[in-house]
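**Q** need a 3D model of the following:
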Amino acid sequence: MALWNEKPTPATAGPVVVPPTASPPERNSPERHASDPALAVSPRRPTPKTSSEGGESVIAANLTIEGKIEGSGNVRMAGRFKGDVRIDGNFNIESGAHLTGQVLAGIVVVGGELQGNIESAKRVDVQEGGVIVGDVKAGSITVAAGSRMRGHVEFGWDDEKAKAKPGLVGGS
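**A** Okay, here's the model as predicted:
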């Protein structure tokens, strides 16, 4: 049954007749696909479009994943993840989400819980209810009332300045 109003072409019109002496084509052979109208591929089928900007990947709230995330684009996490995250994009840990691992991303938003370090982020936003147990190194950091953090924080330093004056960074 066709889902669109299309007139059959002469190649697909009418029944397909197979001579009795010929053996039936194999299940996945090109001859079967070409001769069986039910298996014919419509040239009008839309192809999925890809974004040149990388898009956003989501780890849903009901997922628990262990591994590594690497690549470009933005990642929004609502579930649980154990492993390191290294992306050329933004990383958002939503309220109720939990990450155990290191994070390297452009902008990191923590609304859930992070047990691990954030390295070389342009900006880190810790939202109300957000928890970080680990060290943070960022260009800037915003901390909302009601958030918690345990660890060492460095922000506002250029990497060049930090390397040139190591006694000022982290010295007590």
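
**Q** okay, now the unreliable bits of this structure?
**A** When residues are selected by pLDDT under 70, those of the chain lie in 1-54, 159-172.

**Q** quick one, strands of it?
**A** Taking DSSP state E, the strands of the chain run over residues 56-59, 64-72, 74-77, 80-88, 90-93, 98-100, 103-104, 107-110, 113-115, 118-126, 131-133, 136-143, 148-150, 153-155.

**Q** buried residues of the first one, list them for me.
**A** In this case it means strand 56-59. For strand 56-59, burial by neighbour count (16 or more other Cβ atoms under 10 Å) applies to Ile59. (C-beta placed from N, C-alpha, C; glycine too.)

**Q** strands paired with that strand, and their directions?
**A** strand 74-77 (parallel) (DSSP bridges).

**Q** count the residues that sit near the nearest residue to Glu66 once chain neighbours are set aside.
**A** Setting aside the residues directly before and after it, Glu66 is nearest to Lys82 in space (Cβ to Cβ, 6 or more residues apart in numbering), at 4.4 Å. Lys82 has 15 neighbouring residues, counting by other Cβ atoms under 10 Å.

**Q** which residues touch Leu99?
**A** Residues near Leu99 by Cβ atoms under 8 Å, 6 or more residues apart in numbering: Met77, Arg80, Phe81, Lys82, Val85, Ile93, Gly112, Glu113, Leu114, Gln115, Gly116.

**Q** same question for Ile132.
**A** Val110, Glu113, Leu114, Ile118, Val126, Ser147, Arg148, Met149, Arg150, Gly151.

**Q** name the member of the residues you listed that has the highest neighbour count.
**A** Using other Cβ under 10 Å as the neighbour test, the contacts of Ile132 are led by Leu114, with 30 neighbours.

**Q** so that residue touches Asp135, yeah?
**A** No: between Leu114 and Asp135 there is no contact, the gap being 10.9 Å when judged by Cβ atoms under 8 Å.

**Q** name the nearest residue to Ile132, sequence neighbours excluded.
**A** Distances taken as Cβ to Cβ, 6+ apart place Met149 nearest to Ile132, at 4.5 Å, with adjacent residues excluded.

**Q** ok, the one you found to Thr64 distance?
**A** With distances taken as Cβ to Cβ, to the nearest Å, Met149 is found 24 Å from Thr64.

**Q** for Lys68, which non-adjacent residue is spatially closest?
**A** Closest residue to Lys68 apart from its sequence neighbours, by Cβ to Cβ, 6+ apart: Gly83 at 4.9 Å.

**Q** residues contacting that neighbour?
**A** Shown in contact with Gly83 (Cβ under 8 Å, 6+ apart): Ile65, Glu66, Gly67, Lys68, Ile69, Thr100, Gly101.
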